[in-house]
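Engineer: Build me a model:
(chains A, B, C and D)
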Number of protein chains: 2
Amino acid sequence: MVTLAEVAQHAGVSASTVSYVLSGKRSISTTTRQRVEQSIRELGYHPNAGARALASNRSNIIALMVPLRTDMYVPVMMEIAIAVATTARTHGYDVLLLTGEEGPDAVRRVTGSGLADAMILMDVELDDERLPLLRGTDQPSVLIGLPADTTGLTCVDLDFRATGALCVEHLAMLGHRDIAVIGEAPAVYERHTGFAERTLDGLRSRAQELGVRLLHRPCEGGYDAMALTLARILDERPGTTGFVVQNESAVEPLLALLRQQGRAVPEDVSVVAVCPEQVAVQASVRLTSVAIPAQEMGRHAVERLVAKLDGRGADEVVLISPELTVRASTGPAPSRTT
Amino acid sequence: MVTLAEVAQHAGVSASTVSYVLSGKRSISTTTRQRVEQSIRELGYHPNAGARALASNRSNIIALMVPLRTDMYVPVMMEIAIAVATTARTHGYDVLLLTGEEGPDAVRRVTGSGLADAMILMDVELDDERLPLLRGTDQPSVLIGLPADTTGLTCVDLDFRATGALCVEHLAMLGHRDIAVIGEAPAVYERHTGFAERTLDGLRSRAQELGVRLLHRPCEGGYDAMALTLARILDERPGTTGFVVQNESAVEPLLALLRQQGRAVPEDVSVVAVCPEQVAVQASVRLTSVAIPAQEMGRHAVERLVAKLDGRGADEVVLISPELTVRASTGPAPSRTT
DNA sequence: ATAGGCTGTCGAAGCGCTTCGACAGCCTCT
DNA sequence: AGAGGCTGTCGAAGCGCTTCGACAGCCTAT
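Structural biologist: Numbers count the residues shown, from 1 in each chain, chains lettered A, B, ... in the order given. Modelled structure (predicted):
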């Protein structure tokens, strides 16, 4: 293993000079710098992470806490995680992967041990038990998701309230008067996951403003669950012509069921999905959808975090504006000649 | 920040004693140990990771390199990643998330800096450019996936060759004589990803042994691509009654298309999938499938790695035996009364 | 010509921990 | 009763790096 001291000796300078070449924290003459850089290359030197962390009190690691549950919007999680890792690297940080399993203890452990300089939390509940810990430490953090009380916190999320509103609006403009919302699994609502409740909120209030009837039904993913849910919806509101789906694993089943029942999309019923772009495009009907900008969220989170670590930027809530892309699954409501 | 020295002082012992209490590397009297543990709790002491890494030359971190591509079998990746993180924690390790982006450089960086004690690589290609580096270092590593040459490497993977064989076997037993294989996207084969080629291998050789005709077609995910692929298959081999699908995002489209064409599953055609359990169960027809044991793979990988780190266990290739679960998508081939 | 200010480099102190050798005190065996 | 062996504890020496203060040498302004 090559050490700083060896590089220094090889270049004929002192250790501190090498250190300053590396960090750029003091000016170094061009000739010296080049000599040092040359030695570094020749010897294949890599600074020791532990020593660096100890001396500088900075690990250059960002902790990312992902939910343990693998049953929900998994591709989105993965995309965010990868965006976080990629973006972090461009700022010189590595990413430590924590699962939600340890819960608040993980926060304590990481904060206490100096393992990471900062944290990003995903899958935040409205009243998350990790929040007090975050507020009580001076370690910077960013949430992906929006808790009930955001004071003293930095959050990044899609504006799900606006997303809900946008979906209703689109359907209402097309003349739909009876709209059903296929939501996430009941457990998601019971856990008070912010995004689900906020979407619902947006849907409801905009529906009311526009005088549109709304029926919301949570739904586990999968074909069987969707079949049941759909039957119940059409039973209660036979006149339903618009659907908003916020559950990736219900999308394809819904389309299949509608087809099977002889309801044409978009002639008879319209479907709007809240899902990643890829799902919308690959579905059996190209879906009008509001995309979940996973990459953007991951990138934003890291950038806020790095800003905080550099002493720039304060607490702040960043809500990304939803964008609805019209594709082949929505159209004018059928005329009500019944 | 509380340090070891402070704990020592508080407990009235020397720093080394506290260290030995923590590591258990020397025997400590019960009374002393309890006093120290008490102090640790009272002061809320957490060992500093950097200092520890520096002094012991061990970071207690495992690096996990996941593919950057988010276009392929994503849920499987995520499940493996989470299993790795969870299992690692039970052995006292944390997980550093690296993306494939940096490629071989990431290996160099991590090895050189002592950031991690060991690595797990996913998405291994048959002739992966990272392999020489791994062989050239004494840092333990485990591959999830199987390269062409495994000498000097430890690998964990599903036995995809046996998986292919198993699928053909099952269909053949049921009397199917013309089988079509819907494979991963062409890019996957072009990249020479081991698992895809090995599955194909298993399929082909068993098919030959059993005197069954096999047609293999790569397929991008999604509805449109699947429609094209299916049309071509039925054109070339109208008598096809058995399908093997190895591409999660082709499963549902295939089922929908078959339904649409009036081919009943499993009465007219049988479908076997190679996919995670969840996909098989949630599909519109409960699929006979060989599960991809993501969790098990992640767990195994970590356990092998920890064994190596502890000086136990040598290089070894662990192939997990595939298990085929019969569900509702396969049945006897229709009698050939035409 | 000299004071004062830059620039570029160095030496040394220390970050918080692990680990090695030393050794005091006690027990057991002869 | 004394030698030898355990057991439990301590002190000190680093691990490889960052960073602070010091200072030599040079340039500019008076």
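Engineer: Quick check: which element contains A:Phe243?
Structural biologist: Secondary structure assignment for A:Phe243, by DSSP states H and E: strand A:242-245.
Engineer: Is that strand positioned near chain B?
Structural biologist: No - remark: strand A:242-245 sits outside contact range of chain B, by C-beta under 8 Å from any C-beta of the partner chain, the gap being at least 14.8 Å. Backbone N, C-alpha and C define where each C-beta goes, glycine included.
Engineer: Sheet partners, orientation included, of that strand?
Structural biologist: Sheet neighbours of strand A:242-245, with direction, are listed as strand A:178-182 (parallel), strand A:270-275 (parallel) (DSSP bridges).
Engineer: Any idea how many residues pack against A:Tyr55?
Structural biologist: Slight slip there: residue A:55 is Ala, not Tyr. A:Ala55 has 13 neighbouring residues, counting by other C-beta atoms under 10 Å in any protein chain shown.
Engineer: pretty sure A:Pro147 contacts A:Leu126?
Structural biologist: Yes - contact criterion C-beta atoms under 8 Å: A:Pro147 and A:Leu126 qualify, at 5.6 Å.
Engineer: shared neighbours, those two?
Structural biologist: When contacts are counted by C-beta atoms under 8 Å, 6 or more residues apart in numbering or on different chains, A:Pro147 and A:Leu126 have A:Gly194 as shared neighbours.
Engineer: quick one, domains of chain A?
Structural biologist: Taking automatic domain parsing as the criterion, chain A consists of the domains A:4-47, A:61-158+A:294-320, A:160-293.
Engineer: Save the ones you listed as CSV, and put in mean pLDDT too.
Structural biologist: As requested, the domains of chain A are exported to CSV (pLDDT from 0 to 100):
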stretch, mean pLDDT
domain A:4-47, 97
domain A:61-158+A:294-320, 92
domain A:160-293, 95
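Engineer: Which stretches in the stretch 1-150 of chain A count as helices?
Structural biologist: A:4-11, A:15-23, A:30-43, A:49-56, A:74-90, A:104-113, A:131-136 (DSSP state H, counting those that start in this stretch).
Engineer: most packed of those helices?
Structural biologist: With neighbours taken as mean count of other C-beta atoms under 10 Å in any protein chain shown, these reach their highest mean count in helix A:74-90, at a mean of 22.
Engineer: Next, count neighbours for the spatially closest residue to A:Ala63 that is not a sequence neighbour.
Structural biologist: The shortest distance from A:Ala63 to any non-neighbouring residue, by C-beta to C-beta, 6 or more residues apart in numbering or on different chains, is to A:Ala116 (3.8 Å). For A:Ala116, the neighbour count with other C-beta under 10 Å is 25.
Engineer: Ok, A:Thr151 next?
Structural biologist: Neighbours around A:Thr151, by other C-beta under 10 Å: 8.
Engineer: how would you label it: helix, strand or coil?
Structural biologist: Assigned with DSSP: H, G, I helix; E, B strand; the rest coil, A:Thr151 falls in the coil class.
Engineer: What residues does it make contact with?
Structural biologist: So A:Thr151 contacts nothing (C-beta under 8 Å, 6+ apart).
Engineer: Tell me the spacing between it and chain B.
Structural biologist: Note on A:Thr151: its distance to chain B, by C-beta to the nearest C-beta, to the nearest Å, is 25 Å.
Engineer: What of A:Leu228?
Structural biologist: 14 Å.
Engineer: In three-state terms, label that residue for me.
Structural biologist: Under three-state DSSP, the three-state class of A:Leu228 is helix.
Engineer: Same check on the one 10 residues further on?
Structural biologist: Of the three states, A:Pro238 takes coil under three-state DSSP.
Engineer: quick revisit: take the strands paired with strand A:242-245 and write them to JSON lines, including distance to A:Arg263 and mean neighbour count.
Structural biologist: Shown next, in JSON lines, are these (distance: least, C-beta to C-beta, whole Å; neighbours: other C-beta atoms under 10 Å in any protein chain shown):
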{"stretch": "strand A:178-182", "distance to A:Arg263": "12", "mean neighbour count": "24"}
{"stretch": "strand A:270-275", "distance to A:Arg263": "10", "mean neighbour count": "27"}
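Engineer: rewinding a little: give me the residues contacting the strand holding A:Phe243.
Structural biologist: Contact partners of strand A:242-245, identified using C-beta under 8 Å, 6+ apart, comprise A:164, A:167-168, A:171, A:174, A:176, A:178-182, A:203, A:251, A:254, A:269-275, A:333.
Engineer: Could you check how many residues crowd around the residue of the stretch 201-338 of chain A found nearest DNA strand C?
Structural biologist: Of all residues in the stretch 201-338 of chain A, A:Leu309 sits closest to DNA strand C, at 19.1 Å by C-beta to the nearest atom of the strand. Residues lying near A:Leu309 (other C-beta under 10 Å) number 18.
Engineer: likewise the one 4 residues further on?
Structural biologist: Summarising burial for A:Gly313: neighbours were counted as other C-beta under 10 Å, giving 15.
Engineer: right, and it touches A:His300 too?
Structural biologist: No - A:Gly313 is beyond contact range of A:His300, at 11.7 Å (criterion: C-beta under 8 Å).
Engineer: Now do the strands in the stretch 151-300 of chain A.
Structural biologist: A:155-158, A:178-182, A:213-217, A:242-245, A:270-275, A:288-291 (DSSP state E, counting those that start in this stretch).
Engineer: what's the closest of the ones you listed to DNA strand D?
Structural biologist: Here strand A:155-158 is closest among the strands of the stretch 151-300 of chain A (C-beta to the nearest atom of the strand), at 28.6 Å.
Engineer: Give me the residues contacting that closest one.
Structural biologist: With C-beta under 8 Å, 6+ apart as the test, strand A:155-158 has contacts from A:124, A:142-147, A:194-195, A:292-293, A:297, A:300-301, A:304, A:316-320, A:322.
Engineer: Report the buried members of the residues you listed.
Structural biologist: Buried subset of the contacts of strand A:155-158 (neighbour count, 16 or more other C-beta atoms under 10 Å in any protein chain shown): A:124, A:142-147, A:194-195, A:292-293, A:297, A:300-301, A:304, A:318, A:320, A:322.
Engineer: Which residue is the nearest non-sequential neighbour of A:Asp127?
Structural biologist: A:Ala148 (5.6 Å).
Engineer: And for the residue nearest to A:Gly112 when sequence neighbours are not counted, the neighbour number?
Structural biologist: Once flanking residues are discounted, A:Gly112 sits nearest to B:His46: 3.0 Å by C-beta to C-beta, 6+ apart. By the criterion of other C-beta under 10 Å, B:His46 has 17 neighbours.
Engineer: Same check on A:Arg259?
Structural biologist: Residues lying near A:Arg259 (other C-beta under 10 Å) number 16.
Engineer: Give me the buried stretch members for stretch A:115-134, please.
Structural biologist: A:115-124, A:126, A:128, A:130-131, A:133-134.
Engineer: Not counting sequence-adjacent ones, nearest residue to A:Leu215?
Structural biologist: When the adjacent residues along the chain are set aside, A:Leu215 lies closest to A:Ala180, with 4.8 Å between them (C-beta to C-beta, 6+ apart).
Engineer: so that neighbour bridges to which residues?
Structural biologist: For A:Ala180, the beta-bridge partners are A:Leu215, A:Phe243 (DSSP bridges).
Engineer: wouldn't it be in contact with A:Arg237 here?
Structural biologist: Yes - between A:Ala180 and A:Arg237 there is a contact under C-beta under 8 Å: 6.7 Å.
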